[in-house]
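In: Here's my sequence, what's the structure:
(one chain, ligands or ions: 2)
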Amino acid sequence: MPDLVMKDISKSFGAVKALTNATFEANFGEVHALLGENGAGKSTLIKILSGTLRPDSGEIILNEKKLTINRPGDAVKLGIGTVYQELSLVPSLTVADNMFLNMGETTIFRTIKKKENIKKTEEILKRYEIKGIKPSDVVKNLSLPFRQMIEIAKVLSRRPDVIIMDEATSALSDDKVQWLLDIAKSYAREGKIIIFISHRMAEVRSCDRITVFRGGVDVGVQKNSETDADELVSLMLGRKISNYFPEITDRTQEEVVLELQQITSGNLLKDVNLTLQKGTVMGVGGLAGQGQSTLFQVLSGALQARGKIILRGKQVRFNNPYQSQIAGVGLIPEDRGSQGLIFPQTISENIQLPVLGKMKYMGIFTDNNRLKNVVKDAMTRFAVKAPGADTVVTELSGGNQQKVVFAKALSQLPELILMFDCTRGVDVGTKVEIFNMVRELAKNGHAILYYSTDVEELVNICDQVFVMHDGKIAAMLKGKDITKENIILALVGEQVQSAIGRGRRKWQKQVL
Ligand SMILES: Nc1ncnc2c1ncn2[C@@H]1O[C@H](COP(=O)(O)OP(=O)(O)O)[C@@H](O)[C@H]1O
Ligand SMILES: [Mg+2]
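Out: Ligands and ions are numbered 1, 2, ... in the order given. This is a model prediction of the structure:
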């Protein structure tokens, strides 16, 4: 019998069946991934295991003993620790206070133990190699990745036997993701169970086994070494996917869309030169803070820099985002929340916004029929799934919100498209759609700058890739030189190796 068995678990929320007789099994010593589209029931399953939700039926067996988990405290006592998708830290408290919150101590007792807690927190930060934070830092002043790391350290420090991580990596940059995966693996080696939920295929592919959920049911469990991504994605979507990544046909045309000459901005961008042709997807790689974000800001008019920006042969100067947009630059921003969408508004209002601006700028009166058509076309082109154009964007899933961002930014078919990590936090089904859209845009002659924190995407979506390091273009890769190894070498500032005839490897064959 497996060490952990969740058997025939069902759970409904009103008319919504989140889980229907679902089964999940895991063993001590393994990192076990849960994979499934948004709404597949993953979070519901782990909330049942961690005592946040009670199942309508089914049983949980750990170490051959049937468990009764009625509340989160029960799970914690049984050695089940959970890092939730939504952070549970109290923003107004310090790191140290948060670390020892909910440990059943009264406030007065906590005050007495303050010194001790600070010392213990220091030890925890050290043990998990979290640098750059002090126990006395107030959580609300920390960046999201740091909050996420504190949350993780808090759960781990209680030494649970079963560790659940529900999309704990979504706020982390690549090096921090690696940090977490390393921790997960070392805990597994100590004989614990790690249940790992993530939308990123590369992370899932570093787990030992993978259970796939679809529509509230477990539809398959695979050893990582015995499956490939096409099979996993097919299971997730319930339809055959022969290509997670699209076939790339090089559509690069001679005509240059963008030329950068010696773009420099303080210490953030140093002498960046670039030529981008029509029909090209130019990948941009880089660890956080190496200049790629600054470069996108300069091109989208949010920041001014020294040097020349030449768009279609004409030097341009963007004093604000609006001028960049009018000049034919479209931006899929980093954060669809604060930069991409206006949330209380409908799909239609969001998509119309840039169009309205342009019409006004050119002194044209608003033509309601034209606007309606623009919205309709954009929704079709970017496959927005919604009851109608009047649906408020908050009611959409993350994947569909991202498609509205696409529709909004690209409804005017800008020649140059800037995509800043546009698949982050997006479900796999939507990712496949986005990859195809990107290639389709290139085919139609757009030039695309595609920044991604996922190296696999750079290798498999782009015609060329450059990697930024310390504000400079550290490597420009073309053809056979676009390999995962080369990109990673360049990310950390190492010399890349030139093609040795292996060619571009098909991604699912890679040991991730
Ligand atoms: N508290 C809730 N109230 C109503 N419906 C819910 C609630 N939690 C989850 N659901 C629904 O249950 C289904 C499964 O959701 P969830 O377990 O969060 O999926 P996942 O984590 O795989 O994205 C979805 O249809 C979701 O809308
Ligand atoms: Mg979830």
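
In: Going by C-alpha atoms from here, please, whenever you check contacts or count neighbours.
Out: Will do.

In: dump the residue contacts of Pro414.
Out: Gln325, Gly328, Val329, Gly330, His446 (C-alpha atoms under 8 Å, 6 or more residues apart in numbering).

In: how much space between it and Ala442?
Out: Separation of Pro414 from Ala442 (C-alpha to C-alpha, to the nearest Å) stands at 12 Å.

In: same thing with Cys207?
Out: Distance of Cys207 to Ala442, computed by C-alpha to C-alpha: 34 Å.

In: more crowded one of the two?
Out: Neighbours were tallied for Cys207 and for Ala442 using other C-alpha atoms under 10 Å; the higher tally belongs to Ala442 (26 against 23).

In: Is it correct that the more buried one is in contact with Gln253?
Out: No - contact between Ala442 and Gln253 fails when scored by C-alpha atoms under 8 Å: they sit 9.9 Å apart.

In: okay, and the common contacts of these two?
Out: Lys278, Gly279, Thr280.

In: Now do the buried residues in stretch 266-278.
Out: Under the neighbour-count criterion of 16 or more other C-alpha atoms under 10 Å, stretch 266-278 has Leu268, Leu269, Lys270, Asp271, Val272, Asn273, Leu276, Gln277, Lys278 buried.

In: Gln261 in helix, strand or coil?
Out: On the three-state scheme (DSSP: H, G, I helix; E, B strand; the rest coil), Gln261 is labelled strand.

In: tell me, what residue is most central in this protein?
Out: Arg424 (2.5 Å; C-alpha atoms, centre = their mean).

In: ok, now which ones touch that residue?
Out: Contacts were defined as C-alpha under 8 Å, 6+ apart; by that measure Arg424 touches Ser170.

In: That one - that's part of a strand, no?
Out: No - counting by three-state DSSP, one finds Arg424 to be coil, located in no strand.

In: separation between it and Lys308?
Out: Between Arg424 and Lys308 the computed distance is 31 Å (C-alpha to C-alpha).

In: same question, Val393
Out: Distance, Val393 to Lys308, using C-alpha to C-alpha: 38 Å.

In: likewise Gly73?
Out: To Lys308, Gly73 is 60 Å away according to C-alpha to C-alpha.

In: Can you tell me which of the shared contacts of Ala442 and Gln253 comes closest to ligand 1?
Out: Thr280 (34.0 Å; C-alpha to the nearest ligand atom).

In: residues contacting that closest one?
Out: Asp250, Arg251, Thr252, Gln253, Ala442, Gly445, His446, Ala447, Ile448, Cys462, Asp463, Gln464.

In: With Glu255 instead?
Out: Gln277, Lys278.

In: Let's see the pLDDT reported for it.
Out: For Glu255, the model assigns a pLDDT of 95.

In: now do Lys113
Out: So Lys113 comes in at 75 (pLDDT).

In: Starting from Gly220, give me the distance back to it.
Out: Distance of Lys113 to Gly220, given as C-alpha to C-alpha: 48 Å.

In: What of Asn400?
Out: Counting by C-alpha to C-alpha, the gap from Asn400 to Gly220 is 26 Å.

In: Spell out which parts of the protein neighbour ligand 1.
Out: Contact residues (C-alpha under 6 Å from any ligand atom) of the chain with ligand 1: Phe13, Ala18, Gly36, Asn38, Gly39, Ala40, Gly41, Lys42, Ser43, Thr44.

In: Return the item of those residues having minimum pLDDT.
Out: Across these, the member with the lowest pLDDT is Asn38, scoring 77.

In: Wasn't that residue part of a helix?
Out: No - read with three-state DSSP, Asn38 is coil and lies in no helix.

In: Tell me, how many residues neighbour the closest residue to it other than its chain neighbours?
Out: Nearest non-adjacent residue to Asn38, counting by C-alpha to C-alpha, 6 or more residues apart in numbering: Asp427, 6.1 Å away. Asp427 has 21 neighbours, counted by other C-alpha under 10 Å.
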